[in-house]
Every structure is written in C-alpha cells, then in structure tokens.
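*Asks:* Let's see this in three dimensions:
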Amino acid sequence: MLVMSSCTLGLLGVRQPLAPQKLALPKSPAPSDRHQKALPVSPTCLLLFSLAASLAHMAHVFVYGTLKTGQPNHKVLLDGANGRAAFRGQGRTLEPHPLVIAGEHNIPWLLDLPGRGLRVLGEIYAVDEQMLRFLDEFEGCPDMYQRTRVQIAVLEWEGARSAPEGTPVADGTLQCFVYSTATYSPEL
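*Replies:* Okay, here's the model as predicted:
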C-alpha cells in the first residue's frame, strides 16, 4: 500500500509539508476493487500531478528562426496568454533541409525539401494545444508556413531522460512539429 502523507517541494522553495487531501486513483483493470485506494495528497502535489498530466499531452515543436531564445519573436512562447510552452532542449533536423533567410525582413524559411541543404539547428519546446493553435495563426499556417512532422536529433535535453512520455527515444531522436514551407518563390 502506497501512502503519501505530504509533499515537500524543496526544489521549489517549499520546506514545510502541506495539509494532506484524499486522492482517489482510477480503478485498476484487475477484476477486484482491492487496487483502488484513497491516498492523502497535499494541494500542491495535486497541482503538480495535474501539471505532469497536462505536460504528458503536450506536443513538441522545433523552432529554428525568430522564435528561438534571443530572437525577436521568442516572447510569444513566453506569453501565457498564448498558451503554455516549455523549453525541452536543443536539436538538429535528422535530415538536411534548405534554410533560406530572405525577403524584406530577413525571415528564415525552412523549405520542405528533405534531403537537400543542411541539418538545421534549433530548439525544442513542449507546447499545449492552445499554444499550438496560436503558433498556427502566428506562422500563417497553412498559407505562409505548413506545420509538418520532422525527426529531430536531440543534442541536449532538459530533465530526466527516463520519463515515459515526451522524451527522446533510445536513439536520441524525437518527432516534432516544425513550421516549414512547400510553397515558396523560386528566387528563394
């Protein structure tokens, strides 16, 4: 029997145990009800459990241009009004792709021509559905950019690599959404 009487969050600066609450676990697929237990859990732990559950349902997005840290549009990833985005690590496209920086505003365009160009370096973010919808609109999807899936070779990863979901597979790759374009001017 697992008993959790408090949740001390030293890493977050909470040093004292919090008042426990009961948390009913979902029924086990086993035929008996003996697996269903009520566990005392603090409100902070409930919040962390909820956060962990929502992070497990987040999509990975690979950013390579103005959305990267230090670039002019990075602030949209930090704005909670747009949804949630959490930096996960650094990566590089597994296959080469042409990256063109052109136009009046020097906007980077990742061309959807896998196998040509270079392996593109960028950042990996876990984003919730609200942020993904915001990014679709922000990137002019599907007219200006198209959101596609690309295999990313993970170079650096934040957090434990042993988490069951949302981490790179054993070969160090991760499938991410990327905003690229298949519709571009020949002069690009």
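*Asks:* the longest strand in this protein is where?
*Replies:* Under DSSP state E, the strand in the chain containing the largest number of residues is strand 146-157.
*Asks:* Report the next helix or strand after that strand in sequence order.
*Replies:* Downstream of strand 146-157, the first helix or strand assigned by DSSP states H and E is strand 173-180.
*Asks:* quick one: contacts of that next one?
*Replies:* Residues outside strand 173-180 that contact it (Cβ atoms under 8 Å, 6 or more residues apart in numbering) are 59-64, 91, 93-94, 97, 109-112, 124, 132, 135, 139, 141, 145-154, 167-168. (Glycine included, C-beta is placed from N, CA and C.)
*Asks:* Show me which of the residues you listed are buried.
*Replies:* Listed as buried from the contacts of strand 173-180 are 59-64, 91, 93-94, 97, 109-112, 124, 132, 135, 139, 141, 145-148, 150-154, 167-168; burial here means 16 or more other Cβ atoms under 10 Å.
*Asks:* where's His105, which helix or strand?
*Replies:* Secondary structure assignment for His105, by DSSP H and E: no helix or strand.
*Asks:* Count residues in the vicinity of it, would you?
*Replies:* 8 (other Cβ atoms under 10 Å).
*Asks:* Please report the distance of it from Lys68.
*Replies:* 16 Å (Cβ to Cβ, to the nearest Å).
*Asks:* What is the burial count for the closest residue to Thr66 other than its chain neighbours?
*Replies:* Nearest non-adjacent residue to Thr66, counting by Cβ to Cβ, 6 or more residues apart in numbering: Asn73, 4.0 Å away. When counting by other Cβ under 10 Å, one arrives at 14 neighbours for Asn73.
*Asks:* same thing with Lys68?
*Replies:* Around Lys68 sit 18 other residues, with neighbours defined as other Cβ under 10 Å.
*Asks:* Please verify my assumption that it contacts Gly122.
*Replies:* Yes - using Cβ atoms under 8 Å, Lys68 is in contact with Gly122, at 6.4 Å.
*Asks:* for the nearest residue to Thr69 once chain neighbours are set aside, phi and psi?
*Replies:* The shortest distance from Thr69 to any non-neighbouring residue, by Cβ to Cβ, 6+ apart, is to Glu123 (6.4 Å). When quoted as degrees, to the nearest 10, the phi and psi of Glu123 stand at phi -120, psi 150.
*Asks:* what about Glu123, distance to Asp143?
*Replies:* The gap separating Glu123 from Asp143 is 24 Å, by Cβ to Cβ.
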